[in-house]
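>>> quick one, fold the following:
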Amino acid sequence: RLMVKLLFGVDPGSEDIILLSADDENSLFAQMTHQAAPPIFNSYITKPETTPKSNMPFIGRARGMVQLIQKLANGGMVELCGESGIGKTALACAVANWHVERGRFPGGVFWVEMTDGMTMESVWDAIGVGITGNGFRRLISEEKTSFLARYLGEKPSLIVLDDFDSVSADNELQRWLTGIQPPSALLTITELGASMEQAEQLQELTPSEARSLFIENAKQKGWDSPTGGEDEGIIDEICHLVGYVPLAIMLMSSKASVIVLSVLKKELESSMRTVTEPDNVFLPERYRIINSCLNISYKLLSSEEARRFFLRFLIMAENADDELIKATCGVTGWRSTVNELVRSSLLYKRDDRYGLHSLIRQYAEARLKADGIEDGYRQKAQDAQRRYMQTREIKEELGDRNKTATSLVRISSMYQERGDLPTAVKLLTVAYDIFAAIGSASAMQIKDTLEAFRDDVGYDRFENLLNAARSNPNKVIRSVLNRGKLPETQ
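Have a look, this model is predicted:
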């Protein structure tokens, strides 16, 4: 039932249990009534993975990476913890992609960005959509949990929950997560202290790792000076000033191509004196360091428009893509501005989406409030995002319907080859109506095929078949599936 509902968007009925055949590669469906269901996860599932690809260099952490991989090999729940800006997400991303490249979790690797207010069902959807596509959202809660429990039990999978602190108080979600047992594994990324038996605590970089990260990121952002001698000494001093914190090193090294290192060091020392003045003495040391670096990065942006865009970006949803930025930002030449912010390490880019580190988001929030323009822009941005999300949901729904219609066309061709034209006509009619409703060019091709069938089955019978299909399309699909095995179907 779950597979039929996922693939076709219809429920075949509670009296029927229709599953993907586990023992016959030449059949698509087998009907099994009142029998124990066989494993349903076979070649239909094709190594799903939703792990983001980062544009930032990953330097050092070799020991931490090995230890984390070893812990995940045992399955169950693993925790990666450390202070904000220490590089937890970068390490987790590297470990997740290491597993993807080597196929160590054949069920897939699923990366979920956790946010405030995220529900248990939204976590299910993030994982389930990665496995089956958007059809997973159509299942009811009981079907979702049944599907995931079975999949994770039979297909070793890795689930990574980034920024887990935002939902750590959700006891219901916590109980569900404890059910993830070997062979599958769960990796949570948190700032809180280690609370699990399998935990990896991340510390600052070593001086040599910090220097390597500075140089690699600076080169990636356009710095072409040879290393060694005086420059290397200044780099070591800058890394020491920022406490060997990866985020601070990324921010400072990103400016090496626009300001000489000796001047950059003086700017950093001056900024750090500013944030240790009386108004800021209660800030934790890590936050004072990051704020000092951000003050420099913000000041060295090329234009007032770039600074305005940076502050406004925090209003956007996490992981904004090009379309959302264009609809929301209100800045001309936004693409070059985005590229500058990425080069400055003020924005991160993963795959084709952009976001702000939580500490950078807090900094931007404070500056935006100080400018006194937050409320008016926030409402405008939220309206633009609402329109964008509605448009995207419509596009996803159209994609699902297109997939359903395409499947019906394929199955109808099998009945046509068997000489069962009435069934083929009914299936093609349902597919035609779906394609026509979403404005697909495939509708005209199917219309031509149906016209050719008119003479073969007779005019009156043809019209009756069309009317029957259109009066209850779900019944048409169900009746076909209930006949049993289909011929030569992959």
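>>> what residue ranges in this protein score low on pLDDT?
1-57, 193-197, 226-228, 275-284, 314-319, 328-332, 371-382, 384-385, 387-400, 478-490 (pLDDT under 70).
>>> could you redo the last one with a cut-off of 50?
Across the chain, the ranges flagged by pLDDT under 50 are 14-47, 278, 281, 484-490.
>>> contacts for stretch 290-297, please.
Here stretch 290-297 makes contact (C-beta atoms under 8 Å, 6 or more residues apart in numbering) with 85, 242, 245, 247-248, 251-252, 254-255, 264, 267-268, 271-272, 274-275, 280, 283, 344-346, 359-360, 363. The C-beta positions use only the backbone N, C-alpha and C, and glycine is treated the same way.
>>> ok, stretch 425-432 next?
405-406, 408-409, 411-412, 415, 443, 446-447, 449-450, 453, 457, 462, 465-466, 468-470, 473, 476-477, 480.
>>> only C-alpha atoms, please: export it in CSV.
What follows is stretch 425-432 as a C-alpha-only set of coordinates in CSV (Å, rounded to 0.1, in the frame of the first residue of the first chain):
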residue,chain,number,x,y,z
VAL,A,425,-7.4,3.4,-23.1
LYS,A,426,-8.6,4.0,-19.5
LEU,A,427,-5.0,4.4,-18.2
LEU,A,428,-4.1,6.7,-21.1
THR,A,429,-7.2,8.8,-20.4
VAL,A,430,-6.2,9.3,-16.8
ALA,A,431,-2.7,10.2,-17.9
TYR,A,432,-4.0,12.6,-20.5
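>>> take the contacts of stretch 425-432 and keep only those in helices.
Applying DSSP state H to the contacts of stretch 425-432, the entries found in helices are 405-406, 408-409, 411-412, 415, 443, 446-447, 449-450, 453, 457, 462, 465-466, 468-470, 473, 476-477, 480.
>>> got a ChimeraX select line for the buried ones in these?
Buried members of those, defined by 16 or more other C-beta atoms under 10 Å, are picked up in ChimeraX with:
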select :405,408,409,411,412,415,443,446,449,450,453,457,462,465,466,468,469,473,476,477,480
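>>> which elements pack onto the helix or strand containing residue 340?
Under DSSP states H and E, the secondary-structure element containing residue 340 is helix 334-343. Helices and strands touching helix 334-343, by 3 or more C-beta pairs under 8 Å, 6 or more residues apart in numbering; DSSP states H and E, are helix 304-313, helix 322-328.
>>> pretty sure residue 112 is in a helix, no?
No: counting by DSSP: H, G, I helix; E, B strand; the rest coil, residue 112 is located in no helix; its state is strand.
>>> list the contacts of it.
Residue 112 touches 50, 123, 126-127, 159-162, counting by C-beta under 8 Å, 6+ apart.
>>> distance of residue 153 from residue 102?
Distance check for residue 153 against residue 102: by C-beta to C-beta, to the nearest Å, it reads 22 Å.
>>> in the helix or strand that contains residue 215, what counts as buried?
Here residue 215 sits within helix 207-220, counting by DSSP H and E. The neighbour-count check on helix 207-220 (16+ other C-beta under 10 Å) flags 209-215, 217-219 as buried.
>>> got the angle for that helix vs helix 334-343?
Counting by axes from the mean of the first three to the mean of the last three C-alpha atoms, to 10 degrees, helix 207-220 lies at 160 degrees to helix 334-343.
>>> dump helix 207-220 to CSV, restricted to CA.
Taking Å, rounded to 0.1, in the frame of the first residue of the first chain, the C-alpha atoms of helix 207-220 are listed here in CSV:
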residue,chain,number,x,y,z
PRO,A,207,48.7,25.9,15.4
SER,A,208,49.9,24.0,12.3
GLU,A,209,46.3,23.1,11.4
ALA,A,210,45.2,26.7,11.9
ARG,A,211,48.0,28.0,9.6
SER,A,212,47.2,25.5,6.9
LEU,A,213,43.5,26.5,7.0
PHE,A,214,44.4,30.2,6.8
ILE,A,215,46.7,29.7,3.8
GLU,A,216,44.3,27.3,1.9
ASN,A,217,41.2,29.5,2.4
ALA,A,218,43.2,32.7,1.5
LYS,A,219,44.4,31.1,-1.7
GLN,A,220,40.9,29.9,-2.5
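>>> give the other helices and strands that the helix or strand just after it contacts.
Using DSSP H and E, the helix or strand that directly follows helix 207-220 along the chain is helix 229-241. Applying 3+ C-beta pairs under 8 Å, 6+ apart, we find helix 229-241 packed against helix 207-220, helix 246-253, helix 261-274.
>>> apply 7 Å and report the result again.
On a contact count with 3 or more C-beta pairs under 7 Å, 6 or more residues apart in numbering; DSSP states H and E, helix 229-241 meets helix 207-220, helix 261-274.
>>> CA atoms only: put that helix into CSV for me.
Output of helix 229-241 as CSV, limited to C-alpha atoms (Å, rounded to 0.1, in the frame of the first residue of the first chain):
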residue,chain,number,x,y,z
GLY,A,229,59.2,34.0,6.2
GLU,A,230,57.5,37.1,7.5
ASP,A,231,54.0,36.3,6.1
GLU,A,232,53.9,32.9,7.8
GLY,A,233,54.9,34.5,11.1
ILE,A,234,52.1,37.1,10.8
ILE,A,235,49.6,34.3,9.9
ASP,A,236,50.7,32.4,13.1
GLU,A,237,50.1,35.6,15.2
ILE,A,238,46.7,36.2,13.7
CYS,A,239,45.7,32.5,14.3
HIS,A,240,46.9,32.9,17.9
LEU,A,241,44.9,36.1,18.4
